[in-house]
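**Student:** Here is the input, now give the coordinates:
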Amino acid sequence: MSHIDRALRSNIKLRHLQLLLALNEFRHLGRTAEFLSVTQPAVSKMLGEIEEMLGLQLFDRSRRGTEPTAAGLAMLRFARSVLADYERTRDEISTIERGVAGRARVGAMVVGLPTLLAPAIERLKAESAGATVLIEEGDLTHLLPKLRLGELDLFVGRLEPGYAAPDLLTEALYDERMRVVLHPAHPLLAGPDLPGWPELAGCRWVAPPPWASMRVKLEQQFFRLGLTPPLDVVETASFLGQLTLLRDQGAAALMADSVARHFAALGLLTPLPLAVEAEVPPVGMITLRGRPLTPITQRLQSWVRAVAAERAG
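**Tutor:** The predicted structure is shown next:
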């Protein structure tokens, strides 16, 4: 294995890693060459060089295109991690050179965006307008792999216990209950009385996919009340999709209380005063153990804690 160690430490260059990621993206030598603005023979030659250095075949070639081997998949993970560290270091040095504050890359669930992360960013920018924050929205399934690869520095959202791991540092900030929400023009809001769970069981719901814990908790809520869970369901993990279906299709949804109140103040939602008995994990932050945070990310963390403390107060 010494030749592999030597190749990874000394011989493999950033351009080799960029080629591997491009090949994995396009799965075709010609399209990869076009993307990299080189010739197809040059792509074939460079891939051959990498495989010769490692003594491993990284991609299977066929008329249908290229497919990564098991060794190729391992190298792709290595490439993503190295290039993410390279970009983070490049950005940090560049911002120091320009005299601005730096860049933080944050993965966020919707529960942590409008009333926690956004105010924290506002305070960070008040300190240093040159600070840059990249936000990628999603759930833990989507964002944790990016955190582990170094493509994100920080996660803000619900701390689902099923995703706890020794390589992750978690910090709980506060508990956040759930609300049932409707669009203000929903037919169930037209009568003199607000709808209850029996009426909601018969309407359309926009809900997370079946693998999400919140979907299970939604169904348990109806079972707990002796009701059949809604059969008319549209599944999405997209918050924009959720808002669109609430507005255009008369759907109901579960939403974090602070998010529901935030969008109710904008006239987009009506939270219902119904007790949602689902036990949900706290909102908090996750970082990767052993990876130092950039100064700008540390400062953003401090402001997130400050906003959370004000909410608790």
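**Student:** which helix in this structure runs the most residues?
**Tutor:** Using DSSP state H to define each element, the chain has its longest helix at helix 70-98.
**Student:** What is that one packed up against?
**Tutor:** helix 14-26, helix 40-54, strand 103-108, helix 140-149 (3 or more CB pairs under 8 Å, 6 or more residues apart in numbering; DSSP states H and E). To be clear about C-beta, it is placed using only N, CA and C from the backbone, and glycine gets the same treatment.
**Student:** List the contacts of the helix or strand just after the last one.
**Tutor:** Next helix or strand after helix 140-149 toward the C-terminus (DSSP states H and E): strand 154-158. For strand 154-158, contacts defined as CB atoms under 8 Å, 6 or more residues apart in numbering pick out 104-109, 111-113, 116-117, 139-140, 143-144, 147, 176, 280-287, 293, 297, 300-301, 304.
**Student:** if you set the cut-off to 6 Å instead, what comes out?
**Tutor:** With CB atoms under 6 Å, 6 or more residues apart in numbering as the test, strand 154-158 has contacts from 106-109, 111-112, 117, 143, 147, 281, 283, 285-287, 297.
**Student:** And the buried ones among the residues you listed, selectable in ChimeraX?
**Tutor:** Selection of buried members from these for ChimeraX, criterion 16 or more other CB atoms under 10 Å:
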select :106,107,108,109,111,112,117,143,147,281,283,285,286,287,297
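**Student:** and of the contacts of strand 154-158, the nearest to residue 262?
**Tutor:** Within the contacts of strand 154-158, distances to residue 262 taken as CB to CB reach their minimum at residue 111, with 10.9 Å.
**Student:** Just give the number of residues close to the nearest residue to residue 116 once chain neighbours are set aside.
**Tutor:** Closest residue to residue 116 apart from its sequence neighbours, by CB to CB, 6 or more residues apart in numbering: residue 307 at 5.6 Å. Counted with other CB atoms under 10 Å, the burial measure for residue 307 works out to 21 neighbours.
**Student:** List phi and psi for residue 307.
**Tutor:** As for residue 307, its main-chain torsions (degrees, to the nearest 10) stand at phi -60, psi -40.
**Student:** Check residue 239 too.
**Tutor:** phi -70, psi -40.
**Student:** Could you tell me what pLDDT the model assigned to the residue nearest to it when sequence neighbours are not counted?
**Tutor:** Nearest residue to residue 239, sequence neighbours excluded (CB to CB, 6+ apart): residue 110, at 4.5 Å. Here the pLDDT value assigned to residue 110 is 93.
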